[in-house]
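Enquirer: Sequence first, then the predicted structure:
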Amino acid sequence: MLSQIDFNYLLEYRDGELYWRVTVSKYILAGDKLECYGKLNRKKIIILGKHYLKAKIIWIIHNGPIAQGCKVKHKEFYTDKCDNSIENLILVNKEVINR
């Protein structure tokens with residue numbers, strides 16, 4: 001579960017990007033930008049062997065755990081580049097999405 005990891009301890013958010021606060025290995029040092037994979041707004045990151053959506057991590061760092069039945073969405077989904085800035089993220093109820 002996402003709330004079990006202290007993302008604020010591991011990561012720092014700056015200008016829509018995530019950076020490591022701690023040295024993870026000899027190849028990933030504190031201050032390094034977190035590398036992502038995936039398409040546009042579905043960028044994923046790997047932390048402690050688990051895959052997470054970058055937008056969810058950014059939301060959790062700013063607002064705390066995501067309530068059950070809710071989902072993080074992008075306000076402006078169809079853009080030329082991936083905009084995972086906190087200003088572009090909203091929390092919505094999954095029931096509303098499915099209507």
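Expert: That came in fine, so what should we check first?
Enquirer: Would you pull up how far the longest helix seen in the chain lies from the middle of the chain?
Expert: Secondary structure of the chain per DSSP state H: the longest helix is helix 54-63. Averaging C-alpha positions (Cα atoms, centre = their mean, to the nearest Å) puts helix 54-63 5 Å from its chain's average.
Enquirer: got it, and stretch 16-28?
Expert: Relative to the mean C-alpha coordinate of its chain, stretch 16-28 is positioned 14 Å out (Cα atoms, centre = their mean).
Enquirer: Using neighbour counts, pick out the buried residues of it.
Expert: Of the residues in stretch 16-28, those scored as buried under the neighbour-count criterion (16 or more other Cβ atoms under 10 Å) are Leu18, Trp20. Heads up, the C-betas are built off the backbone N, CA and C, glycines and all.
Enquirer: How far does that stretch stretch from one end to the other?
Expert: Start-to-end span of stretch 16-28 (Cα to Cα, to the nearest Å) is 19 Å.
Enquirer: Much appreciated, bye for now.
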